[in-house]
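just need the structure, nothing else, for what follows:
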Amino acid sequence: MKLKYKRINRSVITYQSGDDQEALILAKLGMSNAAIRARTSLSDGQITYRLHKAKNVEENRFGYRTEFRNGVSPLALDLIKDLHAVLAADIKRNVVPRITHPEPQTINIK
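Residues are numbered from 1 along each chain as shown. Sure, this is the predicted structure:
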């Protein structure tokens, strides 16, 4: 007797739209699984699986988040170039005026 098999309804990951694409975009921006989970309906396992598959397709050696954190991904390099002047101005406006140096101490040498 031949057994009848029921086809499992599986989704195909294409990264063209929806949560699959959103997970990849957020990972390329260095977001954690918790941040991706909050913005999509994917679980940790689903996020990891999608990022692993995309990494293999793009032949990305280190992973999207690692490259972003290390500042070597194309997106990170573009962000650094575009935001460098803005952040330097922010530092001069908000950090530099608040720096206090200790008063020099003098002692009597006999």
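
all the strands of the protein, residue numbers only.
Assigned by DSSP state E, the chain shows no strands.

where does it have low pLDDT?
1 (pLDDT under 70).

closest to the centroid, which residue in the chain?
When C-alpha atoms, centre = their mean is applied to the chain, the residue found nearest the centroid is residue 30 (0.4 Å).

pull out the buried positions in the longest helix along the chain.
Secondary structure of the chain per DSSP state H: the longest helix is helix 74-94. Residues residue 76 are the ones in helix 74-94 that count as buried (16 or more other C-beta atoms under 10 Å). Where you see a C-beta, it was placed from the backbone N, CA and C, and this is true even at glycine.

what sits up against that helix?
The contact list for helix 74-94, computed with C-beta atoms under 8 Å, 6 or more residues apart in numbering, reads 28-30, 67-68, 70-71.

keep only those of the residues you listed that are in helices.
Those of the contacts of helix 74-94 lying in helices (DSSP H): 28, 67-68, 70.

which ChimeraX command selects the buried ones in those residues?
Those of the ones in helices among the contacts of helix 74-94 that count as buried under 16+ other C-beta under 10 Å are selected in ChimeraX with:
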select :28,67,68
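
just give me the closest of the contacts of helix 74-94 to residue 16.
residue 28 (15.8 Å; C-beta to C-beta).
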